[in-house]
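Asks: Sharing a model prediction with you, sequence too.
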Amino acid sequence: MVSVDTTEIPGLLVVHLDLHGDNRGWFKENWQRSKMTELGLPDFGPVQNNVSFNADAGTIRGIHAEPWDKFVSVAAGRAFGAWVDLREGESFGRTFWIELNPETAVFVPRGVANSFQVLEDHTAYSYLVNAHWRADATYTNVNLLDPALAIPWPAEIAEMSEKDKGHPLLADVTPMPAKQTVVIGANGQLGRALRKARPDLTFYDRSTVDLADPSTLDTVPWDDVQTVINAAAYTNVDGAETPEGRRDAWAVNVTGVAALARIAIERGLTLVNVSSDYVFDGTVEEHPTDEPLSPLGVYGQTKAAGEAVTSTVPRHYIVRTSWVIGDGKNFVETMRRLARDGVSPSVVDDQIGRLTHADDLAAGILRLLDDRAPFGVHHVTGPGEPRSWAAIAREVFAEEGRDPGDVTGVSTEEYAAGKPTAPRPRHSALLLP
C-alpha cells in the first residue's frame, strides 16, 4: 500500500510505493495523481520527466535547487538522496537524507536543493518537474561537501562535475525567495487597500499591465508567481451601456480575465477575481453564493461572464462584494462634500445593500488566502443590516451636523428620469457566512 511520511524539511515528503514483481521483473505506478493527492501530496502538475543515468557507483550530483517542484525516484539501482532547504525562512539550512530504491520516491518542493550519490552501477534516477527547464531560471545551489551540512555520503566519490565542485558553501548561499502574490490593478481603490495591508506583495498598475490589452500580461515573470489577485475592472455601470463602454467593459472584465485564467491554468496558479452584486437581478433580499446569475445590465453581464471564466481555473476564488468605498472619490465622500457645501440632495431610496470599505475587502481576500479557504465563490462585504443609499446619505449628513431630513429619498425611476442610466438591482445585499 502506498504511504507518505513527512520529514524535518517542511513540504519534503517520502513516498513508499507498491512494487509488483514476478519472474519477468517488476512494475510500479511511479506517480498516480488521485492516489497520491488523497495521501497529502500536492497536485503539482508535472510537465516534464527527466532521467539521469549513472554508469558507476559512487557518482555524485547536486546540490541543486530550482524554482519548481520535483518528484524524484529510482527506476533502476539504488541511490543515497540528500536534500537541503535553501528557501527563505526558519527552515533554511535543514537537511534530510534517505536511501532511494525503486520502492521509494520523494516529493521535493521548490527551493529545496536535491542531490544524490548512486550506490550501484547503472542506476537510473528519474524526476518529474512541474515547469520546463529554462537556462535563465533562478537556481540556488550549495556545495555537496560543505562540512556544515554534515551529509554522510556513504561511498567514495567516483565521478563529480567541476560545476558541482564550485558551488558555494551554505554560509554564502542567498536563500531562494518564496513565489510572489501579484496584484493587477494596483491604483484602484482595492489595489491601494491591498498595498496598504500588504506592501510586500507585487503590484502592477495599468501603465504596466492593462487587461484591455492582454499582451501586457507578458511583462509579468510568471515563473515566480503563485497567486494572482485581479483588482482591475471596468466599473462605469452607466458607461457600459454605451457602444464604446460596452466594448471596454467586455475587454477588461471578460477578455482580460480569460487571459489571466489561461495563465493560471497553464501554470497551476491561484486566481482571485473580484465580482459584484450586479451579477444578480435583485429580486431577493439577500443573495446566497449559489444563486443562479441573472444580471440586468452590461456591467453585470460582463462580471457574470468573468465569474464563469474564473470558475474554469482549478485554484480559484470568486470574491463577490457590493458598494465598495475607499480612499478617493466615492459615495460617502460625495455626501460629505454636499453636506458641507449646504446642498440638499435627492438620493435613491429603493436600492438596498451593504457598504464595503476597500480596507475590509482587502482584508477579507487576504484572509481567504492565508486560511487556505476552500476554492470557489465567497461573499465579502461590510457588516450590518442592509440600507438604502438615502439612509446612508442621511447618516453622513448627521455626522456632518446637517439635518438628515435635508436628504430627499426618491425612487430609482425618479432619479433616472431623463438620464442615460443602466438598470440596477433593487436588492444588492449578499448573504454572508
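Replies: In hand now; what should we look at?
Asks: for the residue nearest in space to the middle of the chain, what are its contacts?
Replies: What sits nearest the mean C-alpha location of the chain, by Cα atoms, centre = their mean, is residue 227, with 2.2 Å. Going by Cβ atoms under 8 Å, 6 or more residues apart in numbering, residue 227 touches 179-182, 269-272, 369. Bear in mind the C-beta positions are built from the backbone N, C-alpha and C, glycine included.
Asks: Out of those residues, who's the most crowded?
Replies: residue 272 (26 neighbours; other Cβ atoms under 10 Å).
Asks: quick one: that residue and residue 319 touch, right?
Replies: Yes - look at residue 272 against residue 319 with Cβ atoms under 8 Å: they come within range, at 6.2 Å.
Asks: which residues do those two both contact?
Replies: Joint contacts of residue 272 and residue 319 (Cβ under 8 Å, 6+ apart) are 365, 368.
Asks: quick one: the helices in the stretch 51-200 of the chain?
Replies: Under the criterion DSSP state H, counting those that start in this stretch, helices of the stretch 51-200 of the chain are mapped to 162-165, 189-197.
Asks: Including mean pLDDT and distance to residue 63, could the ones you listed go into TSV?
Replies: What follows is the helices of the stretch 51-200 of the chain, written out as TSV (pLDDT from 0 to 100; distance: least, Cβ to Cβ, whole Å):
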stretch	mean pLDDT	distance to residue 63
helix 162-165	94	8
helix 189-197	96	37
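Asks: Out of the ones you listed, the one nearest residue 76 is which?
Replies: helix 162-165 (22.5 Å; Cβ to Cβ).
Asks: if we look at that closest one, which residues are touching it?
Replies: Contacts for helix 162-165 (Cβ under 8 Å, 6+ apart): 60-63, 141, 143-144.
Asks: Then stretch 143-156?
Replies: For stretch 143-156, contacts defined as Cβ under 8 Å, 6+ apart pick out 57-58, 60, 62-63, 80, 82, 84, 93, 95, 97, 115, 117, 119, 142, 160, 164-165, 167-171.
Asks: thinking in terms of the whole chain, how far from its middle is it?
Replies: 37 Å (Cα atoms, centre = their mean, to the nearest Å).
Asks: For residue 257, pull up the helix or strand it's in.
Replies: helix 257-267 (DSSP states H and E).
Asks: Give me the buried stretch members for that helix, please.
Replies: Within helix 257-267, the residues that count as buried by 16 or more other Cβ atoms under 10 Å are 257-261, 263-265, 267.
Asks: For it, which helices and strands make contact with it?
Replies: Helix 257-267 is packed against strand 225-230, strand 270-276, helix 298-310, with contacts defined by 3 or more Cβ pairs under 8 Å, 6 or more residues apart in numbering; DSSP states H and E.
Asks: if we go to 6 Å?
Replies: Other helices and strands packing on helix 257-267, by 3 or more Cβ pairs under 6 Å, 6 or more residues apart in numbering; DSSP states H and E, are helix 298-310.
Asks: any idea how far residue 329 is from residue 276?
Replies: Per Cβ to Cβ, to the nearest Å, residue 276 is found 18 Å from residue 329.
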